[in-house]
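Peer 1: structure of the sequence below:
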Amino acid sequence: MPSSNRLCFGEERPPRRLTELRAGPLTLSFDEGDIRYVRLGEREIVRRLYFAVRDDNWGTPPPTLSELQVHACEDHFEISFRAHHREGAIDFAWLGTIRGDVGGTVTFTVEGQANAEFLSNRIGLCLLHPVRECAGRACEVEHTDGSREVGRFPLHISPHQPFFDIRAIAHEVGPGLWAEVRLEGEVFEMEDQRNWSDASYKTYSRPLALPKPFAVPAGSVVRQSATINLRVEGTGGREQAPYSLSSPLSPVPSALPLAASVGAAPLGSLPLLGVQVASGGERLGAREVERLRALSLAHLRVELQPAEAGWQARLEQATAEARSLGVPLEVAAVLGEAPDAELPALRRAVDSICPLVASWLVYHTAEGCTGTAWMELARHHLSGYDPAARFGGGSNVHFTELNRGRPPLELLDLVAFGMNPQVHAFDDLSIVETLEGQAWNVASARRLARGLPLAVTPVTLRSRQTGGPEAGLPPGADARQSSLFAAAWTVGSLQRLAEGGVYSATYYETAGPLGLMEQEGVFPTYLVFADLGEVAGGIVYPVVVSDPLKLAGLAVSSGGRLRLLLANLTSKRQPVTVHGLPLSASLRFLDEGNSQQAMLAPEEYRARPPVTAGASGGALSLELLPYAIATLDTY
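Peer 2: Residues are numbered from 1 along each chain as shown. Down below sits the predicted model:
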């Protein structure tokens, strides 16, 4: 499929411009109508505060801003703007005002009106608390009747809302120092967004127990506000005093350079890596087969729905391509309304086509998580085909279905779930934030699996159930699939899955707009998997980075070589220091300076000898261009 209707190879979207602000001791960023990363020194206290308008299918049209005015001083600021959400039936406009004072109080006020009648599932402010600083920590919730509830942010991912009926929520950010967010204009409740790999707890308005969608009449008005305050506990218990700039707790934000180091303790083997059959029907030619064989893949995933037309032809294509690649299939069987008829039909097809199957993943369209009845029926019909094939179940979409449904572990050989980073937000910054959430997904899934291997399948850049963000793209497609950003994010995702001890992982597709390549060449993500293909089966070592929102790293040892992939997760040039290396290392970059040529001629790019980089005192200094990837080898 030609790429003329999409971004050119290596083309990146213009970076979002963040305005850095201060409110007394707090630092934060203004980002196109939102505030992000409210910090007290190095301690993040609020991840994001924003106003969302969602349609009756949970679609989220972004706002268009106008009349933006920013008045920023050294220790306080005031911002005002108008925002307009207009998409389909939605037509909603609002005036936003954000103020920060010298005492560390930040207020976000919204006054909006519907210009037309439409259906909505949610209209209101959304507050995100960061997981790293809040997981398992004590908090205090004030309810709308004035009563208070003392609790904790969930440590393990909560399958359901941890708090309801919220008027204010506070948590301790330091000894005796609390950060409170007070919400007005609606009744709020909280969900654990790690269920969808977001690294945050979200407090949102309009409780889910109320009917939805609800009608929004033309002319209806929405007024809401959120106020962030710092408070110091008094000696008399819950007595409070405002935060003072003279307090000894006042921090000074640091500006340390990015750094990475490789740990000494091995974690386990690199996951078995695979890709999916192209969903658009793209068939592999000889060159595509040769390039995919160079990745040392472990399997090819095919999803079959025996209740739908054309699934036998899809199985035939997958079987032929798997044979050409020299790998077995991972077959995801999604059952419909008549499993008693669908599973025998699937068995007859595999008896006729004779694919080599490494694993069967069994799901049902009517259930989020694999049920006992379907797994028993699948084993009855399919286990005799190849007794060595593993049976897996769980969720075909998100971790949340696994967390809420819990599959029959006694019938499984492995536990599976999928993930994508664009459930609640779609900008680059939010997608990068989900990398931390993936680590929580894996840790919680390991806890639920009780020793069974984990298969994360599939990992996609966008939900397969939705259309692309740009017109003309097929369902599940994202124009960033062909970008350096996608490759850098993939390094970060692979780091979380590999360091979490995942048994296998399936990413993207073979070819096409959701794949690793197209007819004109390969995408940067292909080159990431090519680097890992050379160390397939190797041992993973932990990589510690100074700022996981800016830098990701994956280290694998194989054949006496330690290979380290470092990815710049930002749109800015970043100096990086790598600690703990020997005197020299070979080094290769993939960045905006060579990505075009590398994608059009990947074999030539990879055949070029790497440069030798010298380490001084065990530290190697390098510079990464926006979304660049550095591959270091030491022996």
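
Peer 1: and the pLDDT for Leu473?
Peer 2: The model reports Leu473 with a pLDDT of 77.

Peer 1: just the element for it, please.
Peer 2: Leu473 is part of no helix or strand, with elements assigned from DSSP states H and E.

Peer 1: any chance you could list what contacts stretch 421-428?
Peer 2: The list of residues contacting stretch 421-428 from outside it, by Cβ atoms under 8 Å, 6 or more residues apart in numbering, reads 13, 15-16, 60, 62, 193, 196-198, 202, 398, 430-431, 434-435, 461-463, 469, 478, 480, 485, 489, 571. C-beta here means a position set from N, CA and C on the backbone, and glycine is covered the same way.

Peer 1: give me that answer again for 7 Å
Peer 2: The contact list for stretch 421-428, computed with Cβ atoms under 7 Å, 6 or more residues apart in numbering, reads Arg16, Gln193, Trp196, Ser197, Asp198, Ile431, Thr434, Arg462, Ser463, Pro469, Phe485.

Peer 1: swap in stretch 404-415?
Peer 2: 159, 359, 368-370, 372, 375-376, 379, 390-394, 445, 448-450, 452-455, 503.

Peer 1: give me the buried positions along it.
Peer 2: Using 16 or more other Cβ atoms under 10 Å as the test for burial, stretch 404-415 gives Gly405, Pro407, Leu411, Leu412, Leu414, Val415.

Peer 1: filter those residues down to the ones in helices?
Peer 2: Residues of these located in helices (DSSP state H): Gly405.

Peer 1: now, among the buried residues of stretch 404-415, which is nearest to Ala345?
Peer 2: Taking Cβ to Cβ as the measure, Ala345 sits nearest to Leu411 out of the buried residues of stretch 404-415, at 21.5 Å.

Peer 1: how near is the closest one to Ser383?
Peer 2: For Leu411, the distance to Ser383 equals 11 Å [Cβ to Cβ, to the nearest Å].

Peer 1: likewise Leu28?
Peer 2: Using Cβ to Cβ, one gets 56 Å for the distance from Leu28 to Ser383.

Peer 1: same drill for those two, tell me which one is more crowded.
Peer 2: Higher neighbour count among Leu28 and Ser383: Leu28, with 26 against 12, using other Cβ atoms under 10 Å.

Peer 1: after the host helix or strand of the more buried one, next one along is what?
Peer 2: Assessed by DSSP H and E, Leu28 sits inside strand 26-31. Toward the C-terminus, strand 26-31 is succeeded by strand 34-40 as the next helix or strand (DSSP H and E).

Peer 1: what angle sits between that next one and strand 26-31?
Peer 2: Interaxial angle, strand 34-40 versus strand 26-31 (axes from the mean of the first three to the mean of the last three Cα atoms, to 10 degrees): 160 degrees.

Peer 1: average pLDDT for the top helix by length along the chain?
Peer 2: As assigned by DSSP H, the longest helix anywhere in the chain is helix 428-449. Across helix 428-449, pLDDT averages out at 97.

Peer 1: list the buried residues of it.
Peer 2: 428-442, 444-446, 448-449.

Peer 1: go on, stretch 318-333?
Peer 2: For stretch 318-333, burial by neighbour count (16+ other Cβ under 10 Å) applies to 318-319, 321-322, 324-325, 327-333.

Peer 1: go through the contacts of stretch 404-415 and flag which are in helices.
Peer 2: Cross-referencing these against helices under DSSP H gives Thr372, Met375, Glu376, Arg379, Ala445, Leu448, Ala449.

Peer 1: report the contact partners of the fifth one.
Peer 2: Contact analysis of Ala445 by Cβ under 7 Å, 6+ apart lists Phe399, Leu402, Val415, Phe417, Leu454.

Peer 1: rerun that using 10 Å as the cut-off
Peer 2: 157, 394-395, 399, 402-403, 415-417, 452, 454-456, 500, 502 (Cβ atoms under 10 Å, 6 or more residues apart in numbering).

Peer 1: and these, which is closest to Gly274?
Peer 2: For Gly274, the nearest member of the contacts of Ala445 is Ala455. The distance, counting by Cβ to Cβ, is 9.4 Å.

Peer 1: before we move on, the earlier item: ok, which pair from the buried residues of stretch 318-333 is furthest apart?
Peer 2: Pairwise over these, using Cβ to Cβ, the maximum falls at Ser324 and Ala333, 22.7 Å.

Peer 1: picking that back up, what sits in contact with each of Leu411 and Ser383?
Peer 2: Residues touching both Leu411 and Ser383 (Cβ under 10 Å, 6+ apart) are Phe391.

Peer 1: tell me the SS of Arg283?
Peer 2: Secondary structure, DSSP: H, G, I helix; E, B strand; the rest coil: Arg283 is coil.

Peer 1: report pLDDT for the spatially closest residue to it that is not a sequence neighbour.
Peer 2: Nearest non-adjacent residue to Arg283, counting by Cβ to Cβ, 6 or more residues apart in numbering: Gln317, 6.7 Å away. Listed pLDDT for Gln317 reads 97.

Peer 1: contacts only, for Gln317.
Peer 2: Gln317 makes contacts with Val277, Ala278, Gly281, Glu282, Arg283, Leu284, Val302, as judged by Cβ under 10 Å, 6+ apart.

Peer 1: tell me the SS of it?
Peer 2: Once three-state DSSP is applied, Gln317 turns out helix.

Peer 1: one more: Thr490?
Peer 2: helix.

Peer 1: quick one: contacts for it?
Peer 2: Counting by Cβ under 10 Å, 6+ apart, the residues that Thr490 touches are 459, 461, 507-508, 516, 523-525, 528-529, 532, 552, 554, 565, 567, 629.

Peer 1: how about 8 Å then?
Peer 2: Thr490 neighbours (Cβ under 8 Å, 6+ apart): Tyr507, Thr525, Val528.

Peer 1: ranking by neighbours, what's the top pick from these?
Peer 2: Using other Cβ under 10 Å as the neighbour criterion, Val528 leads the contacts of Thr490 with 27 neighbours.
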